[in-house]
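Chemist: One predicted model, sequence on top.
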Amino acid sequence: MAKRLLSVTSRCIALLRQRQRPFSDSRGQILDGKAIASSIRKNLKKEISDLKSKTDSKFGPCLAVIQVGHREDSNVYVRNKLKAAAEIGMETRSIKLPNAVGEAEVVDAIDELNRRNDVNGILLQLPLDVLQSVDTDYCINRIHPQKDVDGLTAVNSGRLARGEMGGTVIPCTPRGCLELIERTGTDIAGSNAVVIGRSKIVGSPMRDLLQNRNATVTVCHSKTKDMQDMVRRADIIVVAARQPQMVKGDWLKPGAIVIDCGINDIKDATKSKGYRLVGDVDYESCKPVASWITPVPKGVGPMTIAMLLQNTLECAKRQLAD
Ligand code: NDP
């Protein structure tokens, strides 16, 4: 009897120790999104060049970007995406519509690109900068799912939510985050993951991706109570809340992996522009506690563009095979 009690007690102690054990013993390793994205882009460039030679240049993946209006931040994002596509040997088309257009004109532009055999991927730059009301979801859903390189149509997001991954286009930012998590060599299956944010473009698809990888996922949002307690139990944290430096180091379980999607300007008189970029994570306090952490900038941002290129190439290959 005493022997059995001793064995049960020691098993309980071992289990408790396992629960308290940090996810990784190393601390403060930087997940260099810029370097990883650059190596992905290099591989994509080689793949495109090889496919072009194999098909006598009949294969030329083409990305089309529609921009409505002229928001300065969208101008920069669109320019960067088109430049990155051209650099790896993709064709590009840029469609700029004035902010006075209505839904019909946006839909016409999408329909025209849907019809064209020489366009493989269509991206509608968000948010739409329009003077009159335009239903963004309606416009997005007009994109043919096979050309939906942002993975935002109801068809692609529905498939992802149901775990139907064959031919499904995954939204670029969460796909980039998953790639970064995988690069740490961590076993995602069985881990506790917390995603902060539930937008259609980042938080919700991130939840689906981690769940598909057999993590146990908790999603936090603006109405979540006791968020810090949930974060404290997480092995993996992905933050996409649009809240500058919200997640602090003392919220984290030691050894957690921290992926910061946030891009926020905060005032900084020491900078020539008068501001600097920060994430949704307080990098300085989190870095010594996390095992791996993404910086801002040069973390998730470059991965988003690399995944857009990867999605476009995969869409083009599927269209070629059809
Ligand atoms: P949204 O504004 O669409 O969504 C923000 C989400 O965060 C919402 O679900 C919101 O909850 C939640 N939230 C807001 N405040 C809090 C809070 N205090 N506590 C917990 N949750 C909160 O943002 P996006 O998903 O589009 O983007 C998120 C961040 O990622 C932004 O900083 C954006 O700039 C960045 N981003 C970066 C990209 C990149 O390439 N690096 C690409 C896309 C986005 P609720 O649903 O209740 O409102």
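Modeler: Sure thing, it's come through. Please read these numbers as outputs of a predicted model, since none were measured by experiment. Numbers count the residues shown, from 1 in each chain.

Chemist: which stretches of the stretch 151-300 of the chain form helices?
Modeler: Along the stretch 151-300 of the chain, counting by DSSP state H, counting those that start in this stretch, helices occupy 154-161, 172-183, 203-212, 227-232, 283-286, 300-321.

Chemist: Figure out which of those is closest to Ile122.
Modeler: Ile122 lies closest, by Cβ to Cβ, to one member of the helices of the stretch 151-300 of the chain: helix 300-321, at 9.3 Å. Where you see a C-beta, it was placed from the backbone N, CA and C, and this is true even at glycine.

Chemist: Could you confirm whether any residue of the closest one contacts the ligand?
Modeler: Yes. Helix 300-321 comes into contact with the ligand (Cβ under 6 Å from any ligand atom), by way of 300-301, 304.

Chemist: Show me what that helix packs onto, helices and strands only.
Modeler: With contacts taken as 3 or more Cβ pairs under 8 Å, 6 or more residues apart in numbering; DSSP states H and E, helix 300-321 sits against helix 33-54, strand 62-68, helix 72-87, strand 121-124, helix 172-183.

Chemist: Asp25 contacts Pro254, correct?
Modeler: No. Shown here, Asp25 and Pro254 do not form a contact pair, counting by Cβ atoms under 8 Å, at 9.2 Å.

Chemist: quick one: the nearest residue to Ile88 once chain neighbours are set aside from the ligand, how far?
Modeler: Nearest residue to Ile88 in three dimensions, chain neighbours excluded: Lys45, at 4.0 Å (Cβ to Cβ, 6 or more residues apart in numbering). Lys45 sits 21 Å away from the ligand, going by Cβ to the nearest ligand atom, to the nearest Å.

Chemist: again, but for Asn212
Modeler: 19 Å.

Chemist: Please apply the same query to Thr136.
Modeler: 12 Å.

Chemist: just Asp148 next, same as before
Modeler: Distance from Asp148 to the ligand, by Cβ to the nearest ligand atom: 16 Å.

Chemist: Deepest-packed of the helices and strands packed on helix 300-321, please.
Modeler: A comparison of the helices and strands packed on helix 300-321 by mean neighbour count, using mean count of other Cβ atoms under 10 Å, puts strand 121-124 on top with a mean of 27.

Chemist: In JSON lines, list the helices and strands packed on helix 300-321 along with mean pLDDT.
Modeler: Putting the helices and strands packed on helix 300-321 into JSON lines (pLDDT from 0 to 100) gives the following:
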{"stretch": "helix 33-54", "mean pLDDT": "96"}
{"stretch": "strand 62-68", "mean pLDDT": "98"}
{"stretch": "helix 72-87", "mean pLDDT": "96"}
{"stretch": "strand 121-124", "mean pLDDT": "98"}
{"stretch": "helix 172-183", "mean pLDDT": "98"}
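
Chemist: ok, back up a step: if you rank the residues of helix 300-321 next to the ligand by neighbours, which is first?
Modeler: Neighbour counts for the residues of helix 300-321 next to the ligand peak at Val300, which has 30 neighbours (criterion: other Cβ atoms under 10 Å).

Chemist: Report whether the expected contact of Thr168 with Thr153 is present.
Modeler: No. Counting by Cβ under 8 Å, Thr168 does not reach Thr153; the two are 10.4 Å apart.

Chemist: how about the nearest residue to Thr136, chain neighbours excluded?
Modeler: Nearest non-adjacent residue to Thr136, counting by Cβ to Cβ, 6+ apart: Leu128, 5.8 Å away.

Chemist: Go ahead and report the secondary structure state at the one you found.
Modeler: coil (DSSP: H, G, I helix; E, B strand; the rest coil).

Chemist: Could you number the chain from 334 rather than 1 from now on?
Modeler: Sure thing, new numbering starts at 334, so read that last one as Leu461.

Chemist: Confirm for me that the residue nearest to Ile421 is in contact with Ala419.
Modeler: No. With contacts defined as Cβ under 8 Å, Lys378 does not count as touching Ala419, sitting 10.7 Å away.
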